[in-house]
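[1] A structural model of the following input is requested.
(2 chains, ligands or ions: 1)
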Amino acid sequence: MSLKNSPWVMHFDTGSCNGCDMEIWALLTPYYDIERFGAINAGNPKHADVLLLTGPVNKKSASRLKNLYDQVPEPKVVIAVGDCASTGAPFQDCYNICGGISTVIPVDVFVQGCAARPEAIIDGFSKAIGILEEKRSGRHGSERGDKVAGAENAGIQSQAGHDSGRGER
Amino acid sequence: MNALLALIETIIIILIGGLSLGIARKLSARMQRRIGPSIFQAFYDVSKLFSKEPFYFKRLPIVYAISSMAFQIAAIFILIYGGDTMMAFFVSGAGAVYLAAGAFASPSVYSWIGGRRELLAIAAYEPVLFVLALSVSTHTHNIILIFPAVFIAMVPVLSVLLERSPYDVPAAHQEIVTGPYAEYAGPMLGILNIAKWAQLGFVYVLISMLVWSPTLAVNLTLKIVIVAAAVFITILIDNATARVSRKTMIVTLPIITLGLMALNIAVMHLAGII
Ligand code: SF4
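    Numbering: from 1, shown residues only, chains lettered A, B, ... in the order given. This next block holds a predicted model:
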């Protein structure tokens, strides 16, 4: 009950065109008012429960993204907002792009759209809150028979160090 | 028996402090024509924080966080148990300083900036709180009729404590990633939140002591009305102003509030009332 009522958000831009960031800021306006879910924009990874990420992850931001992700205490969920955060789409095959958030850290919810509409972001957000609650009670992934929560992302996580290491060079 | 009663009252006051934070957020949202969070949001937040993974980096900040909470709670208890008001004031002040000390005990720069700003804010609002504590400990009955300026002076102080504009310099939300709270996570942040509730509760008790009535029902109503009025005015000002710089805060806050009080005393003295 408690996690559902107070999901604190941290927003990080991994090199997007800023289109989706504007839609995320629109969520705080009276029209969409995401605060009615108890959400606040924490701006601090140590206080956050939900990571709201945009951008295709350029090589420079990969290590920062990994660092921020590691600083968020469990349980946490990651939302990739926009097509470029999901697949790297408009920037696919650019020389400086990792190609989506999921190449660096495990992602729980993908929100599509370029730019993603605020309604879609809220939809993804409420899904993410559900996953957050599942993670807390240890039910996450159990319907698929996973033994450890988030085990499906284990491979990706080990990939993360590789990618961010490459970003440093 | 008496102590037990005082303890229960202390807990109720701490919870009122927490409730006021939720009400403040709701009020602020309604003023911006938003729906806003539940008025019990502060309780949801803290219960969530306690269910998060403990994420500690050093032991010293934890000691400071727990001392901060303990001192704030002790301050309310002293006040309720009938102890000296000034004593309670200094104990609460120590709790506030422990928050800044906790910020300095961690290696983060943001935390340090926050700690420094917290100390500046304490330097700005503690003298005002001191005068309030002094006036309620030296006078009885309806102090607000003699010293209305004391009530007005509490608004800037509440603005610091509720972390509202224009004096929300220490935490400053995004600007310095919540300042003194930057390095705390999970349960420790929850403990600091409870310390904040207790500090607010302490100030509310002081404000409520400005009014008094012999009948219990009228007395309680008066006390609730005066505290609610103070919170309401603070939120109204929050929505109409922007954050000031720390320099402006340290200059304007004491000058406005203490100046008003001095004027108040001068006028009352000339009128022959005190
Ligand atoms: S999805 Fe499109 S609009 Fe959104 S950040 Fe990426 S490129 Fe910009």
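[2] Near the ligand, which residues of chain A are found?
    Chain A comes close to the ligand at residues A:16-17, A:19-20, A:54-55, A:82-84, A:90, A:114-115, as judged by C-beta under 6 Å from any ligand atom. (Glycine included, C-beta is placed from N, CA and C.)
[3] Please tabulate these in TSV, including the columns secondary structure and neighbour count.
    Below are the residues of chain A next to the ligand laid out as TSV (DSSP: H, G, I helix; E, B strand; the rest coil; neighbours: other C-beta atoms under 10 Å in any protein chain shown):
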residue	secondary structure	neighbour count
A:Ser16	coil	23
A:Cys17	coil	17
A:Gly19	helix	16
A:Cys20	helix	29
A:Thr54	strand	30
A:Gly55	coil	26
A:Gly82	coil	31
A:Asp83	helix	23
A:Cys84	helix	29
A:Pro90	helix	15
A:Cys114	coil	15
A:Ala115	coil	21
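[4] nearest to B:Gly95, of these?
    Relative to B:Gly95, the closest of the residues of chain A next to the ligand is A:Thr54; by C-beta to C-beta it sits at 40.2 Å.
[5] A:Trp25 is in contact with the closest one, correct?
    No: using C-beta atoms under 8 Å, A:Thr54 is not in contact with A:Trp25; the gap is 11.0 Å.
[6] which of the residues of chain A next to the ligand lies closest to B:Val136?
    Minimum distance to B:Val136 across those is 52.0 Å, recorded for A:Thr54 (C-beta to C-beta).
[7] Kindly provide the distance from the closest one to A:Leu27.
    Note on A:Thr54: its distance to A:Leu27, by C-beta to C-beta, to the nearest Å, is 12 Å.
[8] For stretch B:14-21, the averaged confidence score.
    When pLDDT is averaged along stretch B:14-21, the result is 90.
[9] sec struct for the closest residue to B:Gly190 other than its chain neighbours, please.
    Leaving aside its sequence neighbours, B:Gly190 sits nearest to B:Leu49 (C-beta to C-beta, 6 or more residues apart in numbering or on different chains; 3.5 Å). B:Leu49 falls in the helix class when you classify it by DSSP: H, G, I helix; E, B strand; the rest coil.
[10] export the residues of chain A next to the ligand to CSV and tack on pLDDT and distance to B:Val136?
    Listed next are the residues of chain A next to the ligand as CSV, based on pLDDT from 0 to 100; distance: C-beta to C-beta, whole Å:
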residue, pLDDT, distance to B:Val136
A:Ser16, 86, 55
A:Cys17, 88, 58
A:Gly19, 88, 56
A:Cys20, 89, 53
A:Thr54, 91, 52
A:Gly55, 88, 55
A:Gly82, 89, 56
A:Asp83, 88, 61
A:Cys84, 89, 60
A:Pro90, 84, 64
A:Cys114, 86, 61
A:Ala115, 83, 56
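[11] JSON lines for those residues, including distance to A:Asp108?
    Below are the residues of chain A next to the ligand laid out as JSON lines (distance: C-beta to C-beta, whole Å):
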{"residue": "A:Ser16", "distance to A:Asp108": "19"}
{"residue": "A:Cys17", "distance to A:Asp108": "23"}
{"residue": "A:Gly19", "distance to A:Asp108": "22"}
{"residue": "A:Cys20", "distance to A:Asp108": "17"}
{"residue": "A:Thr54", "distance to A:Asp108": "15"}
{"residue": "A:Gly55", "distance to A:Asp108": "17"}
{"residue": "A:Gly82", "distance to A:Asp108": "15"}
{"residue": "A:Asp83", "distance to A:Asp108": "17"}
{"residue": "A:Cys84", "distance to A:Asp108": "18"}
{"residue": "A:Pro90", "distance to A:Asp108": "23"}
{"residue": "A:Cys114", "distance to A:Asp108": "20"}
{"residue": "A:Ala115", "distance to A:Asp108": "20"}
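[12] Just name the closest of those to B:Ala65, please.
    Of these, the one sitting nearest to B:Ala65 (C-beta to C-beta) turns out to be A:Thr54, at 33.5 Å.
[13] so how many other residues sit close to A:Ala89?
    Counted with other C-beta atoms under 10 Å in any protein chain shown, residues neighbouring A:Ala89 total 15.
[14] give the contact list for it.
    Residues in contact with A:Ala89, defined by C-beta atoms under 8 Å, 6 or more residues apart in numbering or on different chains, are A:56, A:83, A:114.
[15] Mind doing that once more with 6 Å?
    For A:Ala89, the contacting residues are A:Asp83, by C-beta atoms under 6 Å, 6 or more residues apart in numbering or on different chains.
[16] Spatially nearest residue to B:Glu183 (excluding sequence neighbours)?
    Closest residue to B:Glu183 apart from its sequence neighbours, by C-beta to C-beta, 6+ apart: B:Ser106 at 3.9 Å.
[17] Write out the residues of the stretch 1-150 of chain B neighbouring chain A.
    Within reach of chain A by C-beta under 6 Å from any C-beta of the partner chain, the stretch 1-150 of chain B has these residues: B:32-37, B:41, B:44-45, B:47-48, B:51-53, B:55.
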